[in-house]
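Participant: For reference, the sequence and a predicted model appear below.
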Amino acid sequence: MLGRGVKRKWSSLEELGANLVLDTPVMGDNEGPSKPDTNHLQQRQLVLGLCLEKLQRYQAGMELSLRRSVLLVNTLKQIQEEMRSDSCLFVDDMSVTCPGCVEEETILPLDSEFSSQQVDGSSDQHKPPPAAAISAFGDAVGYLSDLALDDIFEDIDTSMYESSDLPSAWAAGPSWPLSSCLTDLNELDHIMEILVNLRLKNPPTLRKPDLQPCLRHSDCQTDY
Amino acid sequence: MLLLCLCSPGVAGGNDFQWCFSQVKGAIDEDVAEADIISTVEFNYSGELLATGDKGGRVVIFQHEQESKNRPHLRGEYNVYSTFQSHEPEFDYLKSLEIEEKINKIRWLPQQNAAHFLLSTNDKTIKLWKISERDKRAEGYNLKDEDGRLLDPFRITSLRVPVLLPMDLMVEASPRRIFANAHTYHINSISVNSDHETYLSADDLRINLWHLEITDRSFNIVDIKPANMEELTEVITAAECHPHQCNVFVYSSSKGTIRLCDMRAAALCDRHSKFFEEPEDPSSRSFFSEIISSISDVKFSHSGRYMMTRDYLSVKVWDLNMENRPVETYQVHEYLRSKLCSLYENDCIFDKFECCWNGSDSAIMTGSYNNFFRMFDRNTRRDITLEASRESSKPRATLKPRKVSTGGKRKKDEISVDSLDFNKKILHTAWHPKDNVIAVAATNNLYIFQDKIN
């Protein structure tokens, strides 16, 4: 056990708190978002972490369950919304509770850059929320951003796009100026766009609502 | 005659009686092969046949055998009638994704001749199967020999009339139609319409209407796919045709709502006719509110007056004439509310439990964890928890009601929430359309229970 006043690491919190913290009735929402209690924040932290982990745990070659992804992303959005409203009121509070997930989550900088432009178009209108929350959120929302590039472009040498090769300044998050990016950035964006098109914007369906039948080959036209 | 019982009143049709074990199918082995896990169970319209589908793409059909005269206390048993491979694993080369062979749903067609027909579907392709019997074979063809080889035309010197000879009964399953390439997302439901000519198939974002005879076209009747997929916040989780009105169908969503559509209103039913939603109770709001309100199954009552929806913790019965709240709500395993975070962590919170009505719409059944399943009597508001287990699987053994202790001291015969086995889950159950016979799928085993006859 940890002594009093000793700061616990996120990992140890996870172990200790998994049963204690989490299984207590969730959300102190009765008191409204203006008084987030510690329990609630810890739980939120854990749910957030798990959400990201679940969205990142992508099984190569298997199609994601859309229902599951949508539910996870909606939960993330809910947490993000809450964090955003908290961050306006309790900036200090956030700096205490948030780092846990920030330090532990290895966030691909390219995802945050990508998602802050593409996914979370609304974020620039609001007061900037905690960078970690947003980038983590974007990371998950860009469903595929966690895919290894090699999995998709087997024939293309993707080594130049690997995140480890990116300058550490990238890790600073979405606030990092775009202009000073690598020359590869445009290409990188382009690839991400392709990925998103590939996975999310599935080929347009042939079926039209105007009762225009679409013809397909039929394998089995024996009598019924 | 039903046995009135003092010790363990069961639930069904307003009468109290006991459920007893009838049969268990499937291997006893501790090691369960993934392919053997049952993924759907469905009685046909008469209840004479019971079909199961599994993760290995197989369909097994059981047939009810008439009771024997020497053992009148035993009602007939279900025995294997036909087994066939309905779907094979495939690979989508455009998307570089595997397409699982797992059977997501089976739906029987009303019987119209000696043969039986059923629809089976995996994530992408629906197939119409014909199951027919053959007990005669033709012999004495002119152009081929006994083994089916063609004869040399020059050696055929006389004509004869082939004759039909009796042979051992053979049950054949043959694919009659393959309805492919119409779903971009995973098919979660198929439902045969009451006109017996059309059926609908639903995936995460679209619902298509098909004619049973036509495989090369289908009509898209619902499409909730946003132009920009990043704006997607809701998916279709289940859909079903009304049992009597062939123009009416419902679909449920991951946000806990149900939409009823009328196909007469427009060709594309993007605008619903009725919208069923219960306002959220703010006191029970949590991070998991949306996940647990996601509807995993929707079923019309046989009468067509009501529908039942299953979400993660409860079953709700809705009157089609009242949209603002359900007429009945039954808690399936409310004790899990305090465990939601753990269930979220181990992914159980995304389990899709199904639900079913009994033949007279007076009772409903749905599954839970630890191989428990629940029945609710709508008239008496009584409920019961039963367990599908090998231990009580002696012939005609009465099922003991189970209890989960909810806080406080655990009484004798009670099981604590912490000792529930979340790997043993009952997702699929079916109730015989006329009798009190139920089929319960527990991982790779199919249990059949019936009410106890004196």
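Facilitator: Received the coordinates, thanks.
Participant: Show me which residues of stretch B:33-50 are buried.
Facilitator: Neighbour-count burial for stretch B:33-50, with 16 or more other C-beta atoms under 10 Å in any protein chain shown as criterion, is recorded at B:36-44, B:47-50. All C-beta atoms are positioned from the backbone trio N, CA, C, and that covers glycine.
Participant: ditto for stretch A:66-73
Facilitator: Buried residues in stretch A:66-73, counted by 16+ other C-beta under 10 Å: A:66-73.
Participant: Restricted to helices, list those residues.
Facilitator: Secondary-structure check on those using DSSP state H: residues within helices are A:66-73.
Participant: Low-confidence regions, the chain specifically.
Facilitator: All of this refers to chain A. Applying pLDDT under 70 to chain A flags the ranges A:1-36, A:58-63, A:88-224.
Participant: Correction: the question concerned chain B.
Facilitator: The model of chain B has pLDDT under 70 over residues B:1-17, B:67-75, B:453-454.
Participant: In it, which strand is the longest?
Facilitator: Looking only at chain B and at elements set by DSSP state E, the strand with the highest residue count is strand B:163-179.
Participant: So what are the sheet partners of that strand and their directions?
Facilitator: Taking DSSP bridges as the criterion, strand B:163-179 forms sheet pairs with strand B:126-139 (antiparallel).
Participant: Output the strand it pairs with as PDB, restricted to C-alpha atoms.
Facilitator: Provided in PDB are the C-alpha atoms of strand B:126-139 (Å, rounded to 0.1, in the frame of the first residue of the first chain):
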ATOM      1  CA  ILE B 126     -28.200 -14.200 -46.800                       C
ATOM      2  CA  LYS B 127     -29.000 -17.700 -48.000                       C
ATOM      3  CA  LEU B 128     -32.300 -19.400 -48.600                       C
ATOM      4  CA  TRP B 129     -32.100 -23.100 -47.800                       C
ATOM      5  CA  LYS B 130     -34.600 -25.800 -48.700                       C
ATOM      6  CA  ILE B 131     -34.700 -28.800 -46.400                       C
ATOM      7  CA  SER B 132     -36.500 -31.700 -47.900                       C
ATOM      8  CA  GLU B 133     -36.900 -35.500 -47.400                       C
ATOM      9  CA  ARG B 134     -36.300 -38.200 -49.900                       C
ATOM     10  CA  ASP B 135     -37.100 -41.800 -49.300                       C
ATOM     11  CA  LYS B 136     -37.300 -43.100 -52.900                       C
ATOM     12  CA  ARG B 137     -34.700 -43.300 -55.700                       C
ATOM     13  CA  ALA B 138     -35.100 -43.800 -59.400                       C
ATOM     14  CA  GLU B 139     -33.500 -46.800 -61.000                       C
END
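Participant: circling back: among the buried residues of stretch A:66-73, which ones lie close to chain B?
Facilitator: Among these, proximity to chain B is found for A:66-68, A:70-71, A:73 (C-beta under 8 Å from any C-beta of the partner chain).
Participant: Let me know whether B:Ile103 touches B:Ser120 as I believe.
Facilitator: Yes - with contact defined as C-beta atoms under 8 Å, B:Ile103 and B:Ser120 form a contacting pair (5.4 Å).
Participant: can you list residues touching both of the two?
Facilitator: Counting by C-beta atoms under 8 Å, 6 or more residues apart in numbering or on different chains, the residues touching both B:Ile103 and B:Ser120 are B:53, B:59, B:86-87.
Participant: So which of those is surrounded by the most neighbours?
Facilitator: Neighbours here mean other C-beta atoms under 10 Å in any protein chain shown. Within those, the largest count is held by B:Gly53, at 28 neighbours.
Participant: Now do the helix or strand that residue falls within: which elements does it pack against?
Facilitator: Assessed by DSSP states H and E, B:Gly53 sits inside strand B:49-54. For strand B:49-54, the elements it packs on are strand B:38-43, strand B:58-64, strand B:105-108, strand B:116-121, strand B:437-442, judged by 3 or more C-beta pairs under 8 Å, 6 or more residues apart in numbering or on different chains; DSSP states H and E.
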